[in-house]
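In: model the structure of this input:
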Amino acid sequence: MFGSKRADAREGMTLIAEEAYFHGRLAAKGSLRIEGTFEGDITDAVDVVVGARGRVLGDIAAESLTLAGEVIGNVVAAAFVELFSSARLTGDVRTPKLKIDEGAFFDGACAMGDGADRPRRRRAKTEPEPERPADAVS
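Out: From the prediction side, this is the model:
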């Protein structure tokens, strides 16, 4: 009752079981464990755990993400992101701490910081370099 926010969140964990399929937007005010398929965005979660057979097709905004399954979408985590060796993450990540185990798959960009600075847009390979004024100093 008087524990930390993290301990309280685990007491109220939401589970999407292996046989379950969820489609929509979920504002999880506590912890969330996904063993089935989740299609949509997850917001306001404390801890998000995607099990080895879990799959998320959408963006995740949480305090932390622990991934053993698959996520196709962007992730913003205030504390950390951890990818186990069986994890597959396709999307961009913003978090202050990132741990990737050997064998994990990650295809995207990662921005690590406190979030005060906005992520920079990546130029497509076909976009030309911006022109510098003739009087610019290198």
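
In: residues contacting residue 57?
Out: By C-beta atoms under 8 Å, 6 or more residues apart in numbering, the contact list for residue 57 reads 37, 38, 39, 40, 72, 73. Where you see a C-beta, it was placed from the backbone N, CA and C, and this is true even at glycine.

In: how much space separates residue 79 from residue 102?
Out: 22 Å (C-beta to C-beta, to the nearest Å).

In: quick one: which of the two has more around it?
Out: Neighbours were counted for residue 79 and for residue 102 using other C-beta atoms under 10 Å; residue 79 has more, 14 against 5.

In: work out for me the element the more buried one sits within.
Out: Per DSSP states H and E, residue 79 falls inside strand 75-83.

In: what is that strand packed up against?
Out: In this structure, strand 75-83 packs against strand 60-67, strand 93-94, strand 98-100, with contacts taken as 3 or more C-beta pairs under 8 Å, 6 or more residues apart in numbering; DSSP states H and E.

In: on contacts alone, who are the packing partners of the shortest one?
Out: So that's strand 93-94. strand 75-83, strand 110-111.

In: between the contacts of residue 57, which is closest to residue 66?
Out: residue 38 (14.7 Å; C-beta to C-beta).

In: for that closest one, give the beta-bridge partners.
Out: residue 22, residue 56 (DSSP bridges).

In: neighbours of it, how many?
Out: 26.

In: and the gap between the spatially most central residue of the chain and residue 104?
Out: For the chain, residue 75 is the residue whose C-alpha lies nearest the centre (C-alpha atoms, centre = their mean; 2.5 Å). Distance from residue 75 to residue 104, counting by C-beta to C-beta: 13 Å.
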